[in-house]
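# Let's see this in three dimensions:
(chains A and B)
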Protein chains: 2
Amino acid sequence: MKPRRIKYWGWGYEDDPETPRVLIDNIERYFSKFFRVSGFNTIPLPALDNVKIRAPRVAIPAKLKAFCTDSREERIRHALGRSPIDYVKIFNGEYENPPDMVAYVRNEQDIVDVMDWAVGARAAIIPFGGGTTVNGGIEPRLGDAYAAAVSLDTTLLNKVLEIDDVSRCARIQAGALGPDLEAQLKRSGFSLRHFPQSFQHSTLGGWIATRSGGHFATHYTHIDDFVENMTLITPSGKLETRRMPGDGAGPDPDRLFMGAEGSLGIITEAWVQLQGRIKHRKSIAVFFDDFLKGCEAVRHIAQAGLYPSNLRIIDAEEARVNYVSDKNKHILFLAFESTDHPVDAWMDRALEICADYGGKFDRSIMARPDSHRVEEQGRWRDIFMETSYYREITTPREIIYGTMETSITWDRFPEMYHRINDVTAKAMVEATGRKGSLSCRFVFVYPDGCAPYWSWYCLGKHGALIDQWKHVKKAAIDEMIRLGGSTTHHTSIGRDHMPWLNRQTDDLFRKVLQSAKRTLDPHWLMNPGVIIPPEG
Amino acid sequence: MKPRRIKYWGWGYEDDPETPRVLIDNIERYFSKFFRVSGFNTIPLPALDNVKIRAPRVAIPAKLKAFCTDSREERIRHALGRSPIDYVKIFNGEYENPPDMVAYVRNEQDIVDVMDWAVGARAAIIPFGGGTTVNGGIEPRLGDAYAAAVSLDTTLLNKVLEIDDVSRCARIQAGALGPDLEAQLKRSGFSLRHFPQSFQHSTLGGWIATRSGGHFATHYTHIDDFVENMTLITPSGKLETRRMPGDGAGPDPDRLFMGAEGSLGIITEAWVQLQGRIKHRKSIAVFFDDFLKGCEAVRHIAQAGLYPSNLRIIDAEEARVNYVSDKNKHILFLAFESTDHPVDAWMDRALEICADYGGKFDRSIMARPDSHRVEEQGRWRDIFMETSYYREITTPREIIYGTMETSITWDRFPEMYHRINDVTAKAMVEATGRKGSLSCRFVFVYPDGCAPYWSWYCLGKHGALIDQWKHVKKAAIDEMIRLGGSTTHHTSIGRDHMPWLNRQTDDLFRKVLQSAKRTLDPHWLMNPGVIIPPEG
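All right, here's what the predicted structure looks like:
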């Protein structure tokens, strides 16, 4: 049974490819007013039949025929991710680097067979889960170093293989998409409760390979913390780490493969921790006049050991763009949830802290059992997953929708906040000649720091959109790195972030990664260009 | 200013070397009754002057003279750790593998100078923090592969360099001993609150290198989770990771060096998270008739998201041996603490769960502000740190005091518990001809599993103590590995655990570690024999 697939040109499913009408209307209404234009210079999506891609550069060998395809449509579907650049290319019908074949691997032996063949064929292997990368993680941009590229699609490996309801864990194949693995877990009463924004269309293996950040705003939320072990197929052989809860016996092998983004091998399955059914929950929106004052409340709560499930502040512009609120206030979404006990004491204390920092809120909301689904917090909850549709709306209309996120300790956050706002606003004017929309929110919060996320929109020109986007992105990430932040907190490195990863990584550690790659992937087949730069 | 040092032959300080009399009396009383003997065949500690060690095999080169010594006493002090084997050797005056010199490095350049010299001299470099290893981590057992051994003592690098009271972090030199770094932090109102059993005599760098488990029984407690970055000197150069709160940009470099136990370089400093002053605390002992029923209560609490600071169950024999309680009950120590808010709601729910599993407790204890210092929990708190004195009492009396700990998912814990009890009890009889004392407790608890810890005592024979100890240890750890557990949860690998680490580690991952070592330590100078076995 094949899982339900993402449509080739955007978000949502191929069997229901419509873009939600309300989102189109909202974006057109908001940005025609914002940019003071009466309409948008909208280009149509090229029909799939009209898209030109180069012919496959290799023939599928007999041994791989049972599960490989070089169909034009499959190659188009595996050529691009979902970044701003990708959307421009999709709407321009530019598929410069399609893979030469797609391998729908059915088992570990199929992966081994692809790898064995790839050595002689000088073919790069590009792991493909849901294809939702926003940083070029799956596009075979290889230059002349390789004779061919295989997109290795893991989505047939989509079973929950085993559930341990005592330890609350499951052994799950890495190609399982979020909704598919949740559907299989549901029978047992458990959930992984890992809901990154890409949840619908991304896989467990993709989450682990890219160190995805999950549902919770605080505390155990990175997929890293839920992995007990993993199995990988590398070009040098199969590698299986030992299934254990926390331990301290030597360096943790799992931590090397988390974040390697497929450059060291293909994750085929993992034991991961599960959560029980949520029985108690409280959710509320707290309003602040001053964004940084709200951030101070967030810091205080994060350092208080309360561990809310949600502790995300969004600024007033973020609330406006997304039709969450027009009150012109900054909004802190605060929530607690538990499988075990009422969370009133936790929420009461967190709200006391909010009040100390000038936060305003309406407690009566919490009396409602669906408090997380109403008012501002309900609207944010709905739109959070739907913003993934935005780029298929903005791109054909010449609106550039960019994002950046980073990770920074609290002491350096205020400077980071002001500087990134200034640099980004200036770069948008430089790139497009007019002011853009810029907003900031928190995505994850730690006792020692936070992960701020910026969204920006500016009105570009067809033909120049990629360069305009690059200009703003580069200005902002250069500044993030200069100020001590990370290139990314949770959206992966891919190919697009590599220049900055190289700047933030110690040279010697890069050499260690290269030596690890030489050991596991001596012919440098695995996702070349991602995470581990070529030697020499 | 030199930090206060551990006495060369046991626990406690060299300027106050007495073994606490009450511990001697307690052990003699308990075990004369247990083993039905009227006295012990006690041997004296050899006077330091009578200890024979080989002459240094190399002369200190001029460049290192300012900070290196080959004094006999310093070489003796750096020759052995604090394992059962080490204590036998100390009491027998057998220092087979003393280092040829001790380098008291004052700064990073001193470390570089030692490494530069070591290449030509074919000298192994053994990192030395507090010297409290219980697994042979610091003994230069090198065979003929090296011409000399340098013990590189980090304890002059003992400063808190910087405190960031906004992010609640400090930059601390790696050679700072527990009490020294806490004294320096105290001025700012913060604490690292990392209290492994070796706290008094171990260093931050040692904790990080061995992935020490800390104060808390649940939740963030491994030192791993508190490290923001680190700086190392490796033979290939200086390596500094980026200071960040949580992030997901590529594989986390810190996680490779955590657990490497000095085999890849010398950690010189780290930014670590701090905790505020504890303002609220509740502590209680819960009594169970059935140990495994008590463990079920622990599992339920661990899976409830309550995150107690203490959640450690000890069995009735553990309580008896340590004079904590003679009620013949299994005791769960349950505590909550907070820098921010009263913890009543948390404790109330945890006690409800305990009651559901048949736990009995006296709530009135909690009305006392010093509830953690009274009754069973007070006695356990005191003895927990003092058990480190036991081996200097048991060893000369022919009592073998062994311990093992592991990490295992909940589903496999009951089998592990029964099997390790059976195997260890049988092995003690095989080794010594009579029944030994055996007890079990939990040291750390996770939602998906636990870290059980066994203590055992049997009456051996001088001259055979090491072989007798090895027989029991091998039987137990063989069984732990067979049942899917880890060689260690938190007491390090050292040289003694290497056979089992090799069995639990995937061959390919071992090759990755070897390739990392070739990159950072091409002449294989750093702590040879630990973590990373020789190639080929």
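# who does the closest residue to chain B within the stretch 351-500 of chain A bridge with?
Across the stretch 351-500 of chain A, the shortest distance to chain B (CB to the nearest CB) belongs to A:Gly449, at 3.0 Å. In short, each C-beta sits where N, CA and C put it, glycine included. A:Gly449 has these beta-bridge partners by DSSP bridges: A:Thr409, A:Tyr446.
# next one: the one 4 residues further on
Each beta-bridge partner of A:Tyr453 is listed here: A:Glu405, A:Arg441, as defined by DSSP bridges.
# What residues does the residue sitting furthest away from the middle of chain A make contact with?
No residue in chain A has its C-alpha farther from the mean C-alpha position than A:Ala62, which lies at 36.3 Å (CA atoms, centre = their mean). Taking CB atoms under 8 Å, 6 or more residues apart in numbering or on different chains as the definition of contact, A:Ala62 has no neighbours.
# in terms of contact, does A:Cys295 touch A:Cys450 like I think?
Yes - contact status for A:Cys295 versus A:Cys450: in contact at 7.4 Å, counting by CB atoms under 8 Å.
# The longest helix that chain A contains vs chain B: in contact?
Within chain A, and with DSSP state H defining each element, the longest helix by residue count is helix A:413-432. No - between helix A:413-432 and chain B, judged by CB under 8 Å from any CB of the partner chain, nothing touches; the nearest distance is 8.6 Å.
# Could you check which of A:Cys295 and A:Cys450 has the larger neighbour count?
Taking A:Cys295 and A:Cys450 together and counting by other CB atoms under 10 Å in any protein chain shown, A:Cys450 has the greater number of neighbours (30 against 25).
# What distance do you get for A:Val321 to chain B?
25 Å (CB to the nearest CB, to the nearest Å).
# Please work out how many residues are found near the residue lying closest to A:Thr155 once chain neighbours are set aside.
Setting aside the residues directly before and after it, A:Thr155 is nearest to A:Gly175 in space (CB to CB, 6 or more residues apart in numbering or on different chains), at 4.5 Å. Neighbours of A:Gly175 under the rule other CB under 10 Å: 29.
# Please give me every residue in contact with A:Gly175.
A:Gly129, A:Asp153, A:Thr154, A:Thr155, A:Leu156, A:Leu157, A:Asn158, A:Thr203, A:Leu204, A:Gly205.
# at 6 Å what do you get?
A:Gly175 sits next to A:Thr154, A:Thr155, A:Leu157, A:Asn158, A:Thr203 when contact means CB atoms under 6 Å, 6 or more residues apart in numbering or on different chains.
# Let me have these in TSV, extended by pLDDT, secondary structure and neighbour count.
As requested, the contacts of A:Gly175 are exported to TSV (pLDDT from 0 to 100; DSSP: H, G, I helix; E, B strand; the rest coil; neighbours: other CB atoms under 10 Å in any protein chain shown):
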residue	pLDDT	secondary structure	neighbour count
A:Thr154	98	coil	26
A:Thr155	97	coil	22
A:Leu157	98	coil	27
A:Asn158	97	coil	20
A:Thr203	98	strand	31
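# Show me which residues of the stretch 201-350 of chain A are close to chain B?
A:211, A:237, A:239-240, A:242, A:244-253, A:255-256, A:259-260, A:273, A:304-305, A:338, A:340-341, A:345, A:349 (CB under 6 Å from any CB of the partner chain).
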